[in-house]
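S.K.: Sequence first, predicted coordinates after that:
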Amino acid sequence: MGIARRLRAKWAAALFGLALCLGVASPSTAQQALWQRQDGWSDQSYYLPMRDGVRLAISLWFPSARVPETPAPVVLIQTRYGRAGVFKYGEGGRYQTLRDQGYVVAIVDTRGSTSSFGDRLVEIGPEEVRDMDELIRHFRSQSWSNGQVFATGVSYMADTADFATSARARLTGAVIRQSDFDGYLNLFTPGGVANDFMMSLWGGDTVLRDSGRASDPASLLDCRLRADDCAHLWPRLQPVDADHDYTLLRAAVSRARHWQPEDYRAAEFRDDRGANGYTMMASSPASRLNGIRRQNTPVQYWASWMDAGTADGVLARYNSAPRTPMQVWITANSHTGQHGSDPFFPDDPAPTPSFDAQWASMSAFLEQVARGERIQRQIHYYVLGARSFRTTDVWPPRDTTRTNFYFAPESALDRTPSDEPSARDRYEVDFSVSTGEATRWTTQIGAPAAYGDRRATGLLSYTSAPFTQDIELVGQPTVRLFVSSQTADPAFFVYLEDVAPDGRVTYLTEGLFRAIHRRETTRGRPYAQAAPAHSFARRDARPMPVGEIEEVAFATFPVAALLRAGHRLRVSIAGADASAFRRYSEGRADAFELERSAARPSHITVDLRPWSAQ
């Protein structure tokens, strides 16, 4: 079995196991009957008709489990994973904390998902976005509401909260945790390279959820076919209070139309529509940037250097909406924030900040916004290898020096460009290479990134001289290659690494790029992006001329890391990552010729500044 298939099988099993744990009740529990409410059951649940008659399932958890006598603020969570399961298990069960603090927790199954009615042709489609205005107005107008409505959530729920900050009904504020601001570049097609692992595994599970079935492929549970099965699928599915015999729930999951992962198989470019008629960009909060700027909703935004492209997304949002009040936290934690993933400390799973500290910060932010206090625009970012945070109000931070490291003879990285008239290195592409089974691309499925010692990768690598003092590398490195390939459609994977005096090689960040997108242009950019910029549009695609040197330049994902005195910087280049990404090079063997001459000096550019413990 190939590595890609083996890893998909492993994480599919993990996902199904998690679903069994969280979403399928045991027979004895199910036989307790609906009205002997289980732990986590909402205090009130009902269907709310939208403008077109589609009914959304809503659950409310009141402070002290009863309608508050004094009007209370509302925390809105829009999910596609099931209301009861999200309340009970989401954020480690911490939504109960908000309830204890006096908030009404309102969780909505979004249009076409789990217990809500409607078809689902796309994730976060235009009608789902329109629903957000109606939901905000609905919760603001309730007799038990004080008119303040906040949005929050992790992952998909973060995406919906991010979208909701653009709603004309206007949120009071939002806490957005690990949003995929640009679903195309930050998750499903980074650098134009298809992340088939995520699309097939996650997308396939959504179809099962929304059709009333269990994630376990061996399970025959089907709420559509048998009412008795519906109870076994709690908390994945929760009926509303009036639905005593699951009639409404079974009608909701009997959908006529639902998107499939295969719909996006041929949607290779940013402007491509899938077979369902939608682009990936349309499902991204970045598509609502004008509304985000217009509303200027105060947000606390969490991301991670080690979680797909979430850090890239929040920094793009920060720079693209310069007047929006934003308090940004970039960690090195897992997608849920509950596990540390700093590659310098692979044996320490403790998150930084601690999960308790994260929640204390979120609660303080909500209270600050509720009081109408000003939110200062700041970015608090974790420094890999330092176990500490730094703060800046601009990105990249001030006082950094943009520094080139040129590829040099004998696999060296040199700060001085070459004076050689002709010099090349050859790399035979190994399509079996992989970054491993637990990476920034698996954490959204549930496996925190866990990069090991990378000294024996078999890639084309270049290493600098040791640093003579402690250095902070902070910003968005960029790569400029002068390179040829033996096929017209190669992909380049570039890894930035730290080499310790004892030889250990530690992952810092990466950039991946499909070479047909190499035309540099600012045309059609939907938001502020690090240079060199690319449209990723079909009209700008250009096949590589086989055997000819071309200039291919792209940004890696941003990062902050402490490079200690005596350590060295390494750049490693590959043509594949079998753990998650589609194979390119037209499915044929390939070889890269990398030029490092005076006229064509391949190099990487990073932002550096002397490290200070202050």
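M.R.: Structure's in. What do you need? Residues are numbered from 1 along each chain as shown.

S.K.: mind showing which ranges of the stretch 151-300 of the chain have poor pLDDT?
M.R.: Within the stretch 151-300 of the chain, no stretch has pLDDT under 70.

S.K.: at 90 what do you get?
M.R.: For the stretch 151-300 of the chain, the stretches with pLDDT under 90 are 215-219.

S.K.: Could I get the full set of helices for it?
M.R.: 156-164, 183, 196-210, 227-232, 247-253, 289-295 (DSSP state H, counting those that start in this stretch).

S.K.: Let me know which of these is tucked in deepest.
M.R.: Most buried of the helices of the stretch 151-300 of the chain by mean neighbour count (mean count of other Cβ atoms under 10 Å) is helix 156-164; its value is a mean of 27. Bear in mind the C-beta positions are built from the backbone N, C-alpha and C, glycine included.

S.K.: how far is that one from where the chain is centred?
M.R.: Between the centre of helix 156-164 and the centre of its chain there are 12 Å (Cα atoms, centre = their mean, to the nearest Å).

S.K.: Could you list every helix and strand that it packs against?
M.R.: Judged by 3 or more Cβ pairs under 8 Å, 6 or more residues apart in numbering; DSSP states H and E, helix 156-164 is in contact with strand 72-79, helix 126-141, strand 145-154, strand 173-177.

S.K.: would you list those in CSV and tack on distance to residue 210 and mean neighbour count?
M.R.: Below are these laid out as CSV (distance: least, Cβ to Cβ, whole Å; neighbours: other Cβ atoms under 10 Å):
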stretch, distance to residue 210, mean neighbour count
strand 72-79, 12, 25
helix 126-141, 13, 19
strand 145-154, 18, 23
strand 173-177, 23, 26
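
S.K.: With distance to residue 388 added, can I get the ones you listed in JSON lines?
M.R.: Converted to JSON lines, these look like this (distance: least, Cβ to Cβ, whole Å):
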{"stretch": "strand 72-79", "distance to residue 388": "31"}
{"stretch": "helix 126-141", "distance to residue 388": "38"}
{"stretch": "strand 145-154", "distance to residue 388": "24"}
{"stretch": "strand 173-177", "distance to residue 388": "21"}
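
S.K.: nearest to residue 610, of those?
M.R.: Checking those against residue 610 by Cβ to Cβ gives strand 173-177 as the closest, at 33.0 Å.

S.K.: tilt between the closest one and helix 156-164?
M.R.: Angle, strand 173-177 to helix 156-164, by axes from the mean of the first three to the mean of the last three Cα atoms, to 10 degrees: 140 degrees.

S.K.: quick one: strands adjacent to strand 173-177?
M.R.: Taking DSSP bridges as the criterion, strand 173-177 forms sheet pairs with strand 145-154 (parallel), strand 299-304 (parallel).

S.K.: Next, the residues that contact the shortest one from outside, please.
M.R.: Read that as strand 299-304. Residues outside strand 299-304 that contact it (Cβ atoms under 8 Å, 6 or more residues apart in numbering) are 165, 173-179, 310-311, 313-314, 317-318, 324-335, 337, 341, 358, 361-362, 365, 443.

S.K.: For it, buried residues please.
M.R.: Neighbour counts over strand 299-304 (16 or more other Cβ atoms under 10 Å) mark 299, 300, 301, 302, 303, 304 as buried.

S.K.: Format those residues as TSV; extra columns: distance to residue 447.
M.R.: As requested, these are exported to TSV (distance: Cβ to Cβ, whole Å):
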residue	distance to residue 447
299	28
300	26
301	23
302	19
303	18
304	14
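
S.K.: give me every residue that touches the spatially closest residue to residue 204 that is not a sequence neighbour.
M.R.: Among residues not flanking residue 204 along the chain, residue 261 sits closest, at 5.8 Å (Cβ to Cβ, 6 or more residues apart in numbering). Contacts for residue 261 (Cβ under 8 Å, 6+ apart) come out as 199, 200, 203, 204, 207.

S.K.: Which elements pack onto the one helix or strand residue 495 maps to?
M.R.: Assigned by DSSP states H and E, residue 495 falls within strand 491-499. If contacts are counted by 3+ Cβ pairs under 8 Å, 6+ apart, strand 491-499 sits against strand 478-484, strand 505-514, strand 559-563, strand 568-574, strand 603-610.
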